[in-house]
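In: below is the structure, and that's it, no one-letter string:
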């Protein structure tokens, strides 16, 4: 069996199909890990979501900020944004089934045998990989409970700005969400800068890319989210897979054993 991690799809269904063909994906033999942002901004969000959902046990998925935005629109009463391409999902006859499937997905997926952890945006250096998985399961339990509507109503916001283990309720869930799905730059104490979206050189004073801080363990991390990096972190054991397919870049797959990268051309 071959296993590949795939970068942010953003509704680029045809590019995903091409990438699956390029790596020779076989559903009776292989498995795909998706770093999140399956949907939004690209032309075929509904088709992309259905394709990944229909892979069943052959797909492992972490939720990204665009996936969470869709759920906030669908379940939390938020309005779509002008650049969103979510309407086809919102109007789909299988909308509820797709939402239920999304609510069963993860924020962090470990592979203990390989010493890997997949997330969407990253994890702060304040957490070990084991702690990150625990916080992921905590947040997943909220999404799968009767607290989900309240969570999605109140999900948006930049505060609290940093982690504190004593946080409770919505403040705790929001900062965990922001680390897993929105993070790019951090201060040494874990404070988030959520305004800056450019590359490494744009770091505000006192902040650095989250992956440049020394980590408390040796687990390798796989993430997406940060298209401006074009997949380059220059950090051993930190694998960025968002190569900006929807922004005229490429869609990337990484073989989990060999770390070999395979890419296809951008979204139509």
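Out: Received the coordinates, thanks. Everything numeric here is computed off the predicted structure, so don't read it as measured data.

In: helices of the stretch 51-200 of the chain, residue ranges please.
Out: Assigned by DSSP state H, counting those that start in this stretch, the stretch 51-200 of the chain shows helices spanning 65-76, 87-90, 95-102, 129-143, 148-154, 169-181.

In: format those helices as CSV; extra columns: distance to residue 226 and mean pLDDT.
Out: Where C-beta positions appear, they are placed from N, C-alpha and C, glycine not excepted. Below are those laid out as CSV (distance: least, CB to CB, whole Å; pLDDT from 0 to 100):
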stretch, distance to residue 226, mean pLDDT
helix 65-76, 11, 98
helix 87-90, 24, 98
helix 95-102, 22, 98
helix 129-143, 17, 98
helix 148-154, 24, 97
helix 169-181, 12, 98
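
In: adding distance to residue 23 and mean neighbour count, write those out as CSV.
Out: Output for those, formatted as CSV (distance: least, CB to CB, whole Å; neighbours: other CB atoms under 10 Å):
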stretch, distance to residue 23, mean neighbour count
helix 65-76, 23, 21
helix 87-90, 26, 17
helix 95-102, 24, 15
helix 129-143, 26, 18
helix 148-154, 35, 16
helix 169-181, 26, 21
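
In: pretty sure residue 5 is touching residue 254, no?
Out: Yes: using CB atoms under 8 Å, residue 5 is in contact with residue 254, at 4.9 Å.

In: what touches both of these two?
Out: 222, 239, 241 (CB atoms under 8 Å, 6 or more residues apart in numbering).

In: any weak-confidence spans in this protein?
Out: 267-268 (pLDDT under 70).

In: nearest residue to the middle of the chain?
Out: Most central in the chain under CA atoms, centre = their mean is residue 120, positioned 2.5 Å from the mean C-alpha point.

In: ok, now which ones touch it?
Out: 35-37, 62-65, 107, 180-181, 223-225.

In: let's have those in TSV, adding distance to residue 48.
Out: Formatted as TSV, the contacts of residue 120 follow (distance: CB to CB, whole Å):
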residue	distance to residue 48
35	14
36	12
37	10
62	15
63	14
64	12
65	16
107	20
180	21
181	18
223	19
224	14
225	17
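
In: select only the buried ones of these in PyMOL?
Out: Only the buried members of the contacts of residue 120 enter the following PyMOL selection, criterion being 16 or more other CB atoms under 10 Å:
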select buried, resi 35+36+37+62+63+64+65+107+180+181+223+224+225
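
In: closest to residue 101 among the contacts of residue 120?
Out: residue 63 (11.2 Å; CB to CB).

In: so the closest one versus residue 189, what's the distance?
Out: 26 Å (CB to CB, to the nearest Å).

In: so which of the helices of the stretch 51-200 of the chain is nearest residue 24?
Out: So among these, helix 95-102 is nearest, using CB to CB, at 26.0 Å.

In: next, the angle helix 129-143 makes with that closest one.
Out: 150 degrees (axes from the mean of the first three to the mean of the last three CA atoms, to 10 degrees).

In: quick one: contacts of helix 95-102?
Out: 49, 50, 53, 63, 67, 70, 71, 74, 75, 89, 92.

In: which residue is the nearest non-sequential neighbour of the third one?
Out: Excluding the flanking residues, the one nearest residue 53 by CB to CB, 6 or more residues apart in numbering is residue 101, at 5.0 Å.
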